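Visitor: need a structure here:
(2 chains)
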Amino acid sequence: MAPHTNPGADPLNLWGNAREGSYVQTGLDPGLEAERERETHTERTDTERTAQTASVARAQRAAHAADELQAESAVRVSAVSRAYAGEDGAPVRALTDITLHAAPGELLAVVGPSGCGKTTLLELICGLQRPDAGTIECAPAALMPQRDLLLPWLSAVDNAALALRIARVSRAQARERAAEMFAELGLAGFEQARPDQLSGGMRQRVAFVRTLLSGKRLLCLDEPFGALDAITRAEMHAWLMDALAREPRTVVLVTHDVEEAVVLADRVAVISPRPGRVVQELEVTPARPRVRTDPDVVGLREQALAALEQGSAR
Amino acid sequence: MRSRRRAVETLPAVVLVIVLLGAWEAYVDLGSVNTLVLPAPHEIAASLWNNAGLLAANLRPTAEEVVLGIALALASGFALAIAIHLSPMLRRAVYPLAVGSQAVPIAVIAALLIFWWGFGILPKLVVVTLICFFPVLVTTVDGLATVDPEQLKLLRTLDASRWQVLRFAELPAALPAAISGARIALTVAVIGAYIAESQTATTGAYAGLGHEINADLTALQTPRAYAAALVLFVFAIACFYTLALLERRLAPWAHRSRGEHR
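Guide: Below you'll find the model as predicted:
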């Protein structure tokens, strides 16, 4: 896949057309890979280099272990930068030189302060934007946006089945499959309710079912629990883990809540304020289900918080 | 319970009408104005009673013009709005014309309409549709564009085609807007039917309430003209609430999110 060139464009190349990068949807080209690794090792800070090396090692591990299907669901974000035009027309650098990786079946949490370009990152992974520089390799991803964005004219079950309907599954079949998920996620009895009749937590669950039923192996969750109260959020964490245990997917979860990240994720990437960079990557190993008061979890949380503060202080 | 609540809701309108009618009656009875210029309410009521058959027969063609005209305007306005929504070029080409068409006095094209379609209902239907089509077009074009950009992004990640975005998001979003447009159009549709009947000649016994009003005014049958106007008045209100009911039926979500439910 040849890089797009865009001569004569403005220096920051505001609206798409990757300048020196290409957007790779699936599959890894070993030659290209090696070349990029060499590139990325040249001019990085120590923290980033450590993260980079770790991610390479993990990628190799994953490559050995994974079968073909699984390999498709990995995410590799390499040296990606993205800027867009701000309200006054001046360019805003949302992300600079972001490198991230999630192995198949992993849950990668991306933590950062508000406005660090987390949503931009997810839109890049979902192919809704193109990077100005760098590459993104991943399977087609399903997005669960920050707001549930349920369609007010559809019942809960029809909202959940939207992806199936778009894939031209018959209405009856789509409803049947969505209704099965409803039972599993504690939404039974609310199939025919309209979105405005559901509580915030239920709406989020319906949105999650919609994301799952897209059939994509990569899910991008954008602060899915941000608007919920603490108790509902804890419940949602439990059933998310449950749902993923039943149907493993690779997940990129964006959140500003460090504790949420440490409780849920296999790996946490801490991002600095805009322009977002990776400040630190943490491997989260404690066994699930994790309790937020577990000393290991607390330790990791403090580590992530420290990284967050360090990133903001610069 | 429900009927009692409804009675309470309609009470203010009823009281207002009674007060206005009383003032009107007093104004005429005290001899302030010639009854050929302004008949008293009781004269109008008597005329309405005596000419019920005639007025009902004349209501029929007018009602047909209004109802069919609104339906045609809804269909054509909705269709053109979708076309304009999908094609910026068409928007640039058609929108100025649609706006301009509203400024053309019907009298100017009346002769042409008769030349094309004769003395039947068709030229009148065209006039009503022409007048009503514009509010439907404008509200629908706006309605189609109200879908949240984030929603469109979401649909893209679910691999929705352009047609599916239209079907699942944009059309339902535009539906209540189109019906609102029709409700606005309705107020001009009745006037439109009157103008159409005034401007285009007609053959046959019952030519419509507009025709009747003009004939009565010329013959100094003022109470009957007022009675005919009253029939139009009630007919317009009935149509308006029928459309409101239709909107509730077709787009219950819009009704609810506006917080109108009690």
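Visitor: do the helix or strand that contains residue A:82 and chain B meet?
Guide: Using DSSP states H and E, residue A:82 maps to strand A:75-85. No: residues of strand A:75-85 are not located near chain B by C-beta under 8 Å from any C-beta of the partner chain, the shortest gap being 13.8 Å. Placement of C-beta: from N, CA and C, glycine included.
Visitor: partner strands of that strand and their direction?
Guide: strand A:91-102 (antiparallel), strand A:133-138 (antiparallel) (DSSP bridges).
Visitor: run the chain-centre distance for the shortest one.
Guide: In this view, strand A:133-138 has its centroid 14 Å away from the chain centroid, taken as C-alpha atoms, centre = their mean, to the nearest Å.
Visitor: keeping just the C-alphas, turn that strand into CSV.
Guide: What follows is strand A:133-138 as a C-alpha-only set of coordinates in CSV (Å, rounded to 0.1, in the frame of the first residue of the first chain):
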residue,chain,number,x,y,z
ALA,A,133,1.3,11.0,9.7
GLY,A,134,1.8,7.5,10.8
THR,A,135,-0.1,4.3,10.2
ILE,A,136,-3.0,2.5,11.8
GLU,A,137,-3.5,-1.2,11.2
CYS,A,138,-6.6,-2.8,12.5
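Visitor: which secondary structure elements does the strand or helix carrying residue A:175 contact?
Guide: Per DSSP H and E: residue A:175 is located in helix A:171-184. With contacts defined as 3 or more C-beta pairs under 8 Å, 6 or more residues apart in numbering or on different chains; DSSP states H and E, the secondary structure elements packing on helix A:171-184 are helix A:156-160, helix A:162-166, helix A:200-212.
Visitor: and of those, who's closest to chain B?
Guide: Counting by C-beta to the nearest C-beta, chain B lies closest to helix A:162-166 out of the helices and strands packed on helix A:171-184; the figure is 4.6 Å.
Visitor: which outside residues touch that closest one?
Guide: A:142, A:151, A:154, A:158, A:171, A:173-174, A:177-178, A:210-211, A:213-215, B:155, B:158-161, B:164, B:168 (C-beta atoms under 8 Å, 6 or more residues apart in numbering or on different chains).
Visitor: kindly recompute the last result at 7 Å.
Guide: A:171, A:174, A:177, A:210, A:213-215, B:158-160, B:164, B:168 (C-beta atoms under 7 Å, 6 or more residues apart in numbering or on different chains).
Visitor: next, format those residues as TSV and append distance to residue B:143 and pLDDT.
Guide: As requested, the contacts of helix A:162-166 are exported to TSV (distance: C-beta to C-beta, whole Å; pLDDT from 0 to 100):
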residue	distance to residue B:143	pLDDT
A:171	25	91
A:174	26	92
A:177	31	90
A:210	24	92
A:213	28	90
A:214	27	90
A:215	32	86
B:158	22	89
B:159	25	89
B:160	19	90
B:164	18	93
B:168	15	93
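Visitor: against residue A:177, how distant is the residue in the stretch 1-150 of chain A positioned nearest to chain B?
Guide: Per C-beta to the nearest C-beta, residue A:143 is where the stretch 1-150 of chain A lies closest to chain B, at 4.3 Å. According to C-beta to C-beta, to the nearest Å, residue A:143 and residue A:177 sit 20 Å apart.
Visitor: more neighbours: these two, which one.
Guide: residue A:143 (28 against 17; other C-beta atoms under 10 Å in any protein chain shown).
Visitor: per-residue pLDDT, that one?
Guide: pLDDT for residue A:143: 90.
Visitor: how many other residues sit next to the nearest residue to it once chain neighbours are set aside?
Guide: Nearest in space to residue A:143, with sequence neighbours left out and distances taken as C-beta to C-beta, 6 or more residues apart in numbering or on different chains, is residue B:157 at 4.3 Å. For residue B:157, the count of nearby residues is 24 (other C-beta under 10 Å).
Visitor: helices of the stretch 51-200 of chain B, residue ranges please.
Guide: B:52-86, B:88-101, B:106-117, B:122-144, B:149-157, B:162-165, B:171-199 (DSSP state H, counting those that start in this stretch).
Visitor: how close does residue B:70 get to residue A:214?
Guide: Taken as C-beta to C-beta, the span from residue B:70 to residue A:214 is 41 Å.
Visitor: ignore the last one, residue A:197
Guide: 24 Å.
Visitor: who has more neighbours, those two?
Guide: residue A:214 (23 against 13).
Visitor: thought residue A:140 was touching the more buried one, still the case?
Guide: No: at 8.8 Å, residue A:214 does not count as touching residue A:140 under the criterion of C-beta atoms under 7 Å.
Visitor: quick one: pLDDT of residue A:311?
Guide: Reading off the model, residue A:311 has pLDDT 78.
Visitor: repeat that for residue B:128.
Guide: The per-residue pLDDT reported for residue B:128 equals 89.
Visitor: that one: how many residues sit nearby?
Guide: Around residue B:128 there are 31 residues (other C-beta under 10 Å).
Visitor: cool, and residue B:30?
Guide: By other C-beta under 10 Å, the burial measure for residue B:30, its neighbour count, is 8.
Visitor: with chain A as the reference, measure out to it.
Guide: Residue B:30 is 55 Å from chain A, where distance means C-beta to the nearest C-beta, to the nearest Å.
Visitor: please apply the same query to residue B:244.
Guide: For residue B:244, the distance to chain A - C-beta to the nearest C-beta - is 18 Å.
Visitor: so who does the closest residue to that residue other than its chain neighbours touch?
Guide: In space, and not counting its chain neighbours, residue B:244 is closest to residue B:183: 7.0 Å by C-beta to C-beta, 6+ apart. For residue B:183, the contact set (C-beta under 7 Å, 6+ apart) comprises B:240, B:243-244.
Visitor: mind running it again at 8 Å?
Guide: Per C-beta under 8 Å, 6+ apart, neighbours of residue B:183: B:240, B:243-244, B:247.
Visitor: can you select the buried ones among these for me in ChimeraX?
Guide: Buried subset of the contacts of residue B:183, written as a ChimeraX selection, criterion 16 or more other C-beta atoms under 10 Å in any protein chain shown:
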select /B:243,247
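Visitor: what are the bridge partners for the residue nearest the centre of chain A, then?
Guide: Per C-alpha atoms, centre = their mean, the C-alpha nearest to the average position across chain A is that of residue A:252, at 2.5 Å. Beta-bridge pairing of residue A:252 under DSSP bridges involves residue A:108, residue A:220.
Visitor: buried stuff in stretch A:245-256?
Guide: Quick answer for stretch A:245-256 (16+ other C-beta under 10 Å): A:249-256.
Visitor: how about those in TSV, adding pLDDT?
Guide: Converted to TSV, the buried residues of stretch A:245-256 look like this (pLDDT from 0 to 100):
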residue	pLDDT
A:249	89
A:250	92
A:251	93
A:252	94
A:253	93
A:254	92
A:255	90
A:256	86
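Visitor: which one among the residues you listed gets closest to chain B?
Guide: Distances from chain B to the buried residues of stretch A:245-256, taken by C-beta to the nearest C-beta, are shortest for residue A:252, at 12.8 Å.
Visitor: thinking that closest one is in contact with residue A:75, fair?
Guide: Yes: Residue A:252 is in contact with residue A:75 according to C-beta atoms under 8 Å; the separation is 6.2 Å.
Visitor: between the two, which contacts overlap?
Guide: A:102, A:108, A:125, A:141, A:218.
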